[in-house]
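K.L.:
need a structure here:
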Amino acid sequence: MAMIEVGEPRRPVGHSPPPFVSLPKYLAREIAMTNGSARFPAGDRVRQCVVVVGAGFGGLEAARKLARLPVDVTVIDRHNYHLFQPLLYQVATAALSPADIAQPIRAVLRDQQNATVLLDEVIGVDLAARRVETRFGRSRSYDYLILATGSQYAYFGHDDWPRLAPGLKSIDDATLIRRRLLLAFEEAETVTDPEIRQRLLTFVLVGAGPTGVEMAGALAELAHATLSRDFRHIDPHTAHILLVEAGPRVLSGFPERLAAFARRSLERMGVEVLLDTPIEAIEGDGVVAGGKRIEAANVIWCAGVEASPVARWLGVPAGQGGRVRVAPDLSVPGHAEIFVIGDAAFVTGPTGEPLPGLAPVAKQQGQYVGELVARLVRREPAPPPFRYRDQGALATIGRHSAIADLGWIRLTGSVAWVLWGVVHILFLIGFRNRMAVFLNWIWAWLTYGRGARLITGDTTPLAAASKRAPCAAPATPNPSARRHPTRTAQIMGLPDRDT
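P.N.:
Alright, predicted model coming up:
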């Protein structure tokens, strides 16, 4: 007789037993489900369990598709919030607050009675036992597993670069960058050495993809407009913003005409664009790019990404960017019950090119896998293979300036800027977030103001931090360092924690 281990509750204790299960067997099952200690015949299972790892765009779409099914959905994420990453750069440049682009996962799934949310980090998958291993809690068994774990920035083998050039993947990253940017202006106001002041007001962004371009434009507006009248001893207009790209043009994923428009717009805003200029070294007080040293107190990483370690969890070869090659139905070859979606999946489009790591791709894949699992549970025919419906790509450069490639039409300037804003507001989760972002944008458009210019956490001067970068931690850290060891380490150049 086939046996299966029950490791977590599949139905709240206290529910009346289903009519086809005897009362003694029902009570025994409830006890086993509560403490995870008993085993039952596979044929006696009441509800199947679907585990979704990651509550990004893809993971949430998949979980929502299963709302009306007789299954137990467990969503596991290492954060308690869903983050709208496309606007994360606006948190980093003080245009929005973190709460404007994030929503608690429990609030999103509050009305979905078959969904359970767990705050934990998945560290592995036991394929034979059909269980996911977590860092803090006990393992969780599954009948179907959906891995939507996203991606992280790739530093091309330079393990010391992340602490010197933070990327932009989380709220912690955004608030760290915001703190460093604002500290640079504050410190420049107090120093008298012109060389130190110039280094403080020099900002290097590595990578001219959508994140780098949008970040450069937002930083230029912050320095040249928002802060222009706030200081007495420095002129924020003198801030030097450099966008460094190893390739021959910015926005390589867009048509060349739109990319050229974006570059001209950035240069009109005072951003210096360096093309065909690979980064060779990153240090505490600058970078070496294309054989030339650039003194800068702030270096921000906006370059390539790599998938989370899903391939290692599954014991399968990693494809381009560490992603997992999946079958046409987004399942893992040889494991029809496991699906990989979003940035962690290697999926090709009709032209044979891999699909980009964009929110629309993840959302469509999540909807597809959710529908596929629903049909499998209902024992209905599976849907056709996944096919991505390309709805176009957008990127904003700054005030009244954006580009839009919709396939059938290409737009630039104010029309594309309005379209970009409408699309991003519609993609946000929650009415409050939509209204908050909309009102913040209206206020910024009318006044050039940015209300989230808050410096929180460690306020160690950047010049002092760069001098101490190669050294060990000070013997007596300040109270902020004790409360926030991770981010303080990144600012002061101390050994970084695991991400």
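
K.L.:
how far away is the spatially closest residue to His400 that is not a sequence neighbour from Gln113?
P.N.:
In space, and not counting its chain neighbours, His400 is closest to Ser414: 4.8 Å by C-beta to C-beta, 6 or more residues apart in numbering. Where C-beta positions appear, they are placed from N, C-alpha and C, glycine not excepted. Distance of Ser414 to Gln113, given as C-beta to C-beta, to the nearest Å: 46 Å.

K.L.:
re the thing from before, neighbours of the residue nearest to His400, just the number please.
P.N.:
For Ser414, the count of nearby residues is 12 (other C-beta atoms under 10 Å).

K.L.:
Mark out where each domain of the chain begins and ends.
P.N.:
For the chain, automatic domain parsing gives the domain ranges 1-43, 47-78+120-153+306-377, 161-303+393-422+455-492.

K.L.:
Include distance to Trp441 and mean pLDDT when you put those domains into CSV, please.
P.N.:
Putting these into CSV (distance: least, C-beta to C-beta, whole Å; pLDDT from 0 to 100) gives the following:
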stretch, distance to Trp441, mean pLDDT
domain 1-43, 43, 41
domain 47-78+120-153+306-377, 19, 95
domain 161-303+393-422+455-492, 7, 86
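
K.L.:
and of those domains, who's closest to Gln103?
P.N.:
For Gln103, the closest of the domains of the chain is domain 47-78+120-153+306-377, at 9.6 Å, according to C-beta to C-beta.

K.L.:
Between the two ends of that closest one, how far is it?
P.N.:
Using C-alpha to C-alpha, to the nearest Å, one end of domain 47-78+120-153+306-377 lies 10 Å from the other.

K.L.:
Pull the distance from that domain to the chain's centre.
P.N.:
16 Å (C-alpha atoms, centre = their mean, to the nearest Å).

K.L.:
swap in stretch 175-183?
P.N.:
18 Å.

K.L.:
With just CA atoms, put that stretch into PDB.
P.N.:
Provided in PDB are the C-alpha atoms of stretch 175-183 (Å, rounded to 0.1, in the frame of the first residue of the first chain):
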ATOM      1  CA  THR A 175      16.600  52.800   1.100                       C
ATOM      2  CA  LEU A 176      20.400  52.100   1.300                       C
ATOM      3  CA  ILE A 177      21.000  53.800  -2.100                       C
ATOM      4  CA  ARG A 178      18.600  56.700  -1.100                       C
ATOM      5  CA  ARG A 179      20.600  57.200   2.100                       C
ATOM      6  CA  ARG A 180      23.900  57.200   0.300                       C
ATOM      7  CA  LEU A 181      22.700  59.700  -2.300                       C
ATOM      8  CA  LEU A 182      21.300  62.100   0.200                       C
ATOM      9  CA  LEU A 183      24.300  61.800   2.500                       C
END
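
K.L.:
List of residues touching that stretch?
P.N.:
When contacts are defined by C-beta atoms under 8 Å, 6 or more residues apart in numbering, stretch 175-183 is touched by residues 91-94, 98, 166, 168, 203, 219, 222, 297-298, 300, 452-459, 461-462, 487, 490-491.

K.L.:
okay, the domains of the chain in a markdown table with distance to Arg432 next?
P.N.:
Shown next, in a markdown table, are these (distance: least, C-beta to C-beta, whole Å):
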| stretch | distance to Arg432 |
| --- | --- |
| domain 1-43 | 29 |
| domain 47-78+120-153+306-377 | 17 |
| domain 161-303+393-422+455-492 | 17 |
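
K.L.:
Compare those and report which one is nearest to Pro385.
P.N.:
Going by C-beta to C-beta, the one of the domains of the chain nearest Pro385 is domain 47-78+120-153+306-377, 3.4 Å.

K.L.:
quick one on the thing from earlier: ok, the residue nearest to His400 touching Ile397?
P.N.:
No. Using C-beta atoms under 8 Å, Ser414 is not in contact with Ile397, being 11.6 Å away.

K.L.:
So which residues of the stretch 101-250 of the chain form helices?
P.N.:
For the stretch 101-250 of the chain, applying DSSP state H, counting those that start in this stretch gives helices covering 105-108, 161-164, 171-190, 194-200, 210-221.

K.L.:
Kindly compare burial across these and name the winner.
P.N.:
The highest mean neighbour count among these, using mean count of other C-beta atoms under 10 Å, belongs to helix 210-221: a mean of 25.

K.L.:
sorry, back to before: can I get the helices of the stretch 101-250 of the chain in TSV including distance to Tyr81?
P.N.:
TSV is the format used below for the helices of the stretch 101-250 of the chain (distance: least, C-beta to C-beta, whole Å):
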stretch	distance to Tyr81
helix 105-108	6
helix 161-164	22
helix 171-190	8
helix 194-200	33
helix 210-221	20
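
K.L.:
which stretch among the ones you listed comes nearest Phe431?
P.N.:
Of the helices of the stretch 101-250 of the chain, the one closest to Phe431 (C-beta to C-beta) turns out to be helix 105-108, at 11.8 Å.

K.L.:
what number of residues lie near Ala336?
P.N.:
Counted with other C-beta under 10 Å, the neighbours of Ala336 add up to 13.

K.L.:
same question, Val125
P.N.:
So Val125, with other C-beta under 10 Å, has 25 neighbours.

K.L.:
Quick check: beta-bridge partners of it?
P.N.:
Val125 has these beta-bridge partners by DSSP bridges: Val132.

K.L.:
That's all I had, so thanks and see you.
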